[in-house]
Structures are given as structure tokens and as C-alpha cells.
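>>> Sequence first, then the predicted structure:
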Amino acid sequence: MVRPQFKVGEKVEWLSTQGALRVPMAGEVAALVPKDQHPCEIYQDLFLQQEGKPERWKLSYHGGKPRDHESYLVMVRSDGKVPTVYWPVVVKLKKVLAKKKEKSPPADKAVFEITPHSVRDTF
């Protein structure tokens, strides 16, 4: 099976299964977990690499053996909460594509245009 590959800093999303619920998650790839390595080791290295006062994080890890393929630690930030680092299943990860910004019309231009098809004869 071909597994997606991501770079540190890329935005990703996935559906997390929490009991019977499927919760959409989105975050940033924080670190690569090499094949056959435990995510807690990588998390500790990631935390210790911070310069100055380390940011508070928490690791959402519920056990398991090291994976037989490359995987990722993904940091999810929520307003007002300590960032959480997850170890999601790689095949569930999808790259978040940048959304195109819609151009708004200039203030001095009309917002709509009247065409022959937009006016009905009501006589």
C-alpha cells in the first residue's frame, strides 16, 4: 500500500474515531516518526528542541507498538487550550489545500449587473 508522505510544517486533516463518533481533526505535521520507532521518543526530542521557554503541549497517545512504516506526530491547536500532539493513522491523513480567496468587488464598482435575463416583463 502506498502511504501519503508529508513534510514537517504541512497542514493535514483526518477523521478521528472516538468511540462511535467520527471527529474531524486538523493540524500541522510537527515531526516524522521513523519506521519501528516509538512516538514518545520523538515527542520528547521535539519538546526538548525548543529554544527558550518551552511551549506547553500534551501528547494524546493511547498505547500501541511502533509502526512498521514512517508516520507523523501532528500538533492540533485550539483557541485557549494547550496544543495537543496526536499520532494519527497515516492512511487517514490528507493534505489541507489552501482555499482560494474570493475577490471582492472594488467599492466604487457595482456589485451586480443587470442582464436581459434578469428582468421579467410583468405587464
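Ah, there it is. What you see is a predicted model, and the numbers here were worked out from it, not measured in a lab.
>>> So which helix or strand of this structure has the lowest pLDDT on average?
Using mean pLDDT, DSSP states H and E, strand 58-60 stands out as the lowest-scoring helix or strand of the chain, at a mean of 76.
>>> Partner strands of the helix or strand following it and their direction?
Next helix or strand after strand 58-60 toward the C-terminus (DSSP states H and E): strand 71-76. If you go by DSSP bridges, strand 71-76 pairs up with strand 21-33 (antiparallel), strand 84-86 (antiparallel).
>>> Buried deepest among these, which one?
Burial of the strands paired with strand 71-76 is given as mean neighbour count (mean count of other CB atoms under 10 Å); strand 84-86 ranks first at a mean of 18. C-betas here are computed from N, CA, C, even on glycine.
>>> so K7 touches V29, yeah?
Yes. The pair K7 / V29 is scored as a contact, 6.7 Å apart, by CB atoms under 8 Å.
>>> Show me the beta-bridge partners of the nearest residue to R22 once chain neighbours are set aside.
Nearest non-adjacent residue to R22, counting by CB to CB, 6 or more residues apart in numbering: L15, 4.8 Å away. Beta bridges link L15 to P24, judged by DSSP bridges.
>>> what number of residues lie near L15?
14 (other CB atoms under 10 Å).
>>> And for E10?
14.
>>> Just confirm it contacts A30, I think it does.
No. Taking contacts as CB under 8 Å, E10 lies outside contact range of A30: 10.3 Å.
>>> Identify all contacting residues around stretch 62-70.
The contact list for stretch 62-70, computed with CB atoms under 8 Å, 6 or more residues apart in numbering, reads 3, 5, 32-39, 90.
>>> what's the span of it, first residue to last?
18 Å (CA to CA, to the nearest Å).
>>> What are the buried residues along that stretch?
In terms of neighbour count (16 or more other CB atoms under 10 Å), stretch 62-70 has its buried residues at R67.
>>> tell me the contacts of V90?
Here V90 is in contact with 3-4, 67, 69-72 (criterion: CB under 8 Å, 6+ apart).
>>> Need phi/psi at it.
phi -60, psi -40 (degrees, to the nearest 10).
>>> where does E41 fall, phi/psi-wise?
Torsion angles, degrees, to the nearest 10, at E41: phi -60, psi -40.
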